[in-house]
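[1] What follows is a predicted structure for the sequence shown.
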Amino acid sequence: MSDPKKLFLKTYGCQMNVYDSERMAEAMAADGYVLTESAEDADLVLLNTCHIREKASEKLYSDLGRLRPLKAAKPGLKIGVAGCVAQAEGAEIKRRMPLVDLVVGSQAYHRLPAMVRGEGALIDTDFPVEDKFDLLPVRVGSRGPVAFLTVQEGCDKFCAFCVVPYTRGAEVSRPAARIIDEARGLVARGVRDITLLGQNVNAYHGAGLGAAGDWTLSRLLREMAQIEGLARLRYTTSHPNDMDDDLIAAHGDLPKLMPYLHLPVQSGSDRVLKAMNRKHTAAQYLALVARIRRARPDILLSSDFIVGFPGETDQDFEDTLALIRAVGFGAAYSFKYSPRPGTPAWEKAGVGSDVADARLLQLQAVITTQQRAAQELMVGRTVGVLYEKPGRMPGQMVGKSDHLQAVHVTDHAGKVGELVQIRVLASSSNSLSGERISA
Ligand code: 5AD
Ligand code: SF4
């Protein structure tokens with residue numbers, strides 16, 4: 001038998017891309033490809049791209065440039081571009097970088113194996129009507145204890161800065177039965193912690209089980225909580241306006257639904273929120289946070305923030321800092337506004353790079369303080385930890401707490417996939433450490 005063909009896969013951007021990359025690797029495995037850690041060994045290099053901010057797509061073009069000598073030395077090497085840059089720029093990528101052999105948009109992955117075999121178009125950015133995941137091969141073999149599962153793709157919210165409604169398309173939800181089957185399959189392979197993924201995941205409205213019409217995300221979570229062997233559920237990313245009463249109630253009702261919620265607000269200024277087309281105010285967000293905390297008092301919240309959106313004044317930025325102080329986040333991701341072609345905000349002038357840089361630093365300092373305070377609060381407490389891998393020190397295990405904080409535990413008998421109770425002994429800049437107190 002000849003050696004298996006080798007696939008080098010690089011993933012940029014969000015968890016959705018990580019999930020998509022796993023599924024593409026599985027699809028190519030069915031065609032005899034094994035993963036390799038180095039592009040030099042590969043027969044196929046796939047770059048799964050992100051288009052959310054300018055830097056993300058610049059990275060693609062510089063990585064492609066670096067592949068030039070490799071392609072020259074190995075003419076049989078195929079280079080493919082997948083993901084949101086592929087979706088947004090299509091044939092333009094091949095024009096700018098002729099070394100690229102194929103361009104597969106984020107909705108055409110089920111056609112990737114055929115494209116690599118040389119059957120069909122070499123540029124595919126169609127939006128199919130089928131569930132692309134349903135057309136990819138079923139997963140087999142064991143895997144780690146933590147997994148993502150895409151339940152919904154695309155977004156109809158059209159925030160003024162965001163490319164997602166264009167690159168991922170309109171909101172589409174997968175049927176509940178397929179999601180539950182996929183979750184059971186993951187659990188059978190050793191998964192104990194599943195995060196349901198979607199660009200606007202809490203807008204989920206997939207075909208339900210039985211004849212009763214579409215299900216909401218809370219209905220899906222309630223059903224999934226009954227899967228035996230599955231210990232933890234999370235979901236991301238949510239829009240504040242889609243947090244309905246039953247979803248909030250689920251945080252109080254379902255012990256498997258972990259006390260951590262990523263709920264981006266983007267800004268704390270009503271003027272900026274309006275210009276961003278977010279369709280909620282700062283006060284509405286704060287009221288929502290209060291309702292969620294009534295359902296699950298210990299919940300840890302995280303958010304995304306954009307600084308330097310066109311028209312953002314010093315006062316607007318102060319309003320954002322005030323919102324951050326009022327909420328007290330456990331974590332947050334913050335970005336300098338990046339104008340994206342084709343979005344409503346594209347033509348508007350930003351605030352200037354220096355101003356945005358200074359605001360970003362200031363905001364991140366406040367968030368870091370809050371993140372450390374949230375960690376400090378855990379010291380002395382007993383928390384659940386799922387071991388994900390051995391640590392760097394002998395006898396050390398690394399995992400995540402229920403609140404999604406990184407934890408290092410000294411546990412010579414610990415095994416990957418074990419869910420244990422630990423006592424938190426200390427908090428360092430980005431993680432907790434503790435000792436195991438039970439099986
Ligand atoms: N510029 C900066 N940040 C952006 N995000 C989305 N689009 C942009 C943009 N054009 C951020 C938002 C979003 C996160 C995934 O990325 O905060 O929630
Ligand atoms: Fe983009 Fe999220 Fe707004 Fe949808 S809700 S347009 S994905 S920022």
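    Arrived safely, thanks for sending. Ligands and ions are numbered 1, 2, ... in the order given.
[2] Skipping adjacent residues, who's closest to Arg168 in space?
    Once flanking residues are discounted, Arg168 sits nearest to Gly154: 4.5 Å by CB to CB, 6 or more residues apart in numbering. To be clear about C-beta, it is placed using only N, CA and C from the backbone, and glycine gets the same treatment.
[3] So the one you found versus Ile437, what's the distance?
    Counting by CB to CB, to the nearest Å, the separation of Gly154 from Ile437 is 44 Å.
[4] who's more crowded, these two?
    Gly154 (21 against 10; other CB atoms under 10 Å).
[5] Would you mind pulling the contact partners of stretch 431-439?
    Here stretch 431-439 makes contact (CB atoms under 8 Å, 6 or more residues apart in numbering) with 375, 378-379, 382-383, 385, 401, 405-411, 414, 418, 420-427.
[6] What of stretch 339-351?
    Residues from elsewhere that reach stretch 339-351, judged by CB under 8 Å, 6+ apart: 51-54, 88, 158, 160-163, 166, 275-277, 308-312, 337, 356.
[7] And it, end to end?
    For stretch 339-351, the first and last residues are 11 Å from each other (CA to CA, to the nearest Å).
[8] Pull out the buried positions in that stretch.
    By neighbour count on 16 or more other CB atoms under 10 Å, the buried set for stretch 339-351 is 339-340, 343, 345, 350-351.
[9] Over to stretch 94-114?
    For stretch 94-114, the neighbour count (16+ other CB under 10 Å) marks 94, 97, 100-113 as buried.
[10] Can you list the strands that the helix or strand of the chain with the lowest mean pLDDT pairs with?
    Lowest mean confidence among the helices and strands of the chain (mean pLDDT, DSSP states H and E): strand 123-124, at a mean of 78. Here strand 123-124 is paired, per DSSP bridges, with strand 102-105 (parallel).
[11] Smallest gap between the stretch 51-200 of the chain and ligand 1, at which residue?
    Residue of the stretch 51-200 of the chain nearest ligand 1, by CB to the nearest ligand atom: Phe161 (4.0 Å).
[12] That should have said the chain, apologies.
    Closest point on the chain to ligand 1, by CB to the nearest ligand atom, is Asp304, at 3.2 Å.
[13] tell me the contacts of that residue?
    For Asp304, the contact set (CB under 8 Å, 6+ apart) comprises 237, 262, 264-266, 332-335.
[14] and if we set it to 6 Å?
    Applying CB atoms under 6 Å, 6 or more residues apart in numbering to Asp304 gives the contacts 264, 333.
[15] That one in helix, strand or coil?
    strand (DSSP: H, G, I helix; E, B strand; the rest coil).
[16] just checking, what packs against the longest helix seen in the chain?
    Determined from DSSP state H, the single longest helix within the chain is helix 353-376. Judged by 3 or more CB pairs under 6 Å, 6 or more residues apart in numbering; DSSP states H and E, helix 353-376 is in contact with strand 300-307, strand 331-336.
[17] Quick one: the strands in the stretch 251-400 of the chain, in order.
    Counting by DSSP state E, counting those that start in this stretch, the stretch 251-400 of the chain has strands at residues 260-262, 300-307, 331-336, 382-390, 396-401.
[18] TSV for those strands, including mean pLDDT and distance to ligand 2?
    Shown next, in TSV, are the strands of the stretch 251-400 of the chain (pLDDT from 0 to 100; distance: least, CB to the nearest ligand atom, whole Å):
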stretch	mean pLDDT	distance to ligand 2
strand 260-262	98	11
strand 300-307	98	8
strand 331-336	95	11
strand 382-390	96	28
strand 396-401	97	24
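[19] any chance of these in a markdown table, plus distance to Ile194?
    Below are those laid out as a markdown table (distance: least, CB to CB, whole Å):
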| stretch | distance to Ile194 |
| --- | --- |
| strand 260-262 | 14 |
| strand 300-307 | 18 |
| strand 331-336 | 20 |
| strand 382-390 | 11 |
| strand 396-401 | 13 |
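[20] and the end-to-end length of stretch 183-202?
    Start-to-end span of stretch 183-202 (CA to CA) is 18 Å.
[21] what about that stretch, near ligand 1?
    No: on the criterion CB under 6 Å from any ligand atom, stretch 183-202 is out of touch with ligand 1, staying 8.5 Å away.
[22] out of the buried residues of stretch 94-114, who's nearest Leu300?
    Ser106 (30.2 Å; CB to CB).
[23] so what's the closest one closest to, chain neighbours aside?
    Excluding the flanking residues, the one nearest Ser106 by CB to CB, 6+ apart is Gln87, at 4.7 Å.
[24] Which positions in this structure make contact with ligand 1?
    Contact residues (CB under 6 Å from any ligand atom) of the chain with ligand 1: 52-53, 161-162, 264, 266, 304, 306, 335, 337-338, 340.
[25] follow-up on the earlier one: which of the helices and strands packed on helix 353-376 is buried the deepest?
    Across the helices and strands packed on helix 353-376, averaging neighbours per residue (mean count of other CB atoms under 10 Å) puts strand 300-307 on top, at a mean of 22.
[26] Next, the angle strand 396-401 makes with that strand.
    Strand 300-307 and strand 396-401 are oriented at 80 degrees to each other (axes from the mean of the first three to the mean of the last three CA atoms, to 10 degrees).
[27] What separation do you get for Arg219 and Gly154?
    Note on Arg219: its distance to Gly154, by CB to CB, is 20 Å.
[28] how far out from the middle of the chain is the longest helix of the chain?
    Relative to its chain's centre, helix 353-376 lies at 21 Å (CA atoms, centre = their mean, to the nearest Å).
[29] now stretch 38-46: mean pLDDT?
    Throughout stretch 38-46, pLDDT has a mean value of 95.
[30] May I have that stretch exported as CSV, CA atoms only?
    Taking Å, rounded to 0.1, in the frame of the first residue of the first chain, the C-alpha atoms of stretch 38-46 are listed here in CSV:
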residue,chain,number,x,y,z
SER,A,38,4.0,20.6,9.2
ALA,A,39,3.1,22.2,5.8
GLU,A,40,6.5,20.8,4.4
ASP,A,41,5.2,17.2,4.6
ALA,A,42,1.8,17.9,3.2
ASP,A,43,0.1,16.9,-0.1
LEU,A,44,-2.7,19.3,0.7
VAL,A,45,-2.6,22.5,2.6
LEU,A,46,-5.9,23.9,3.7
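[31] in that stretch, what counts as buried?
    Residues of stretch 38-46 classed as buried by neighbour count (16+ other CB under 10 Å): 39, 42-46.
[32] That'll do, ta.
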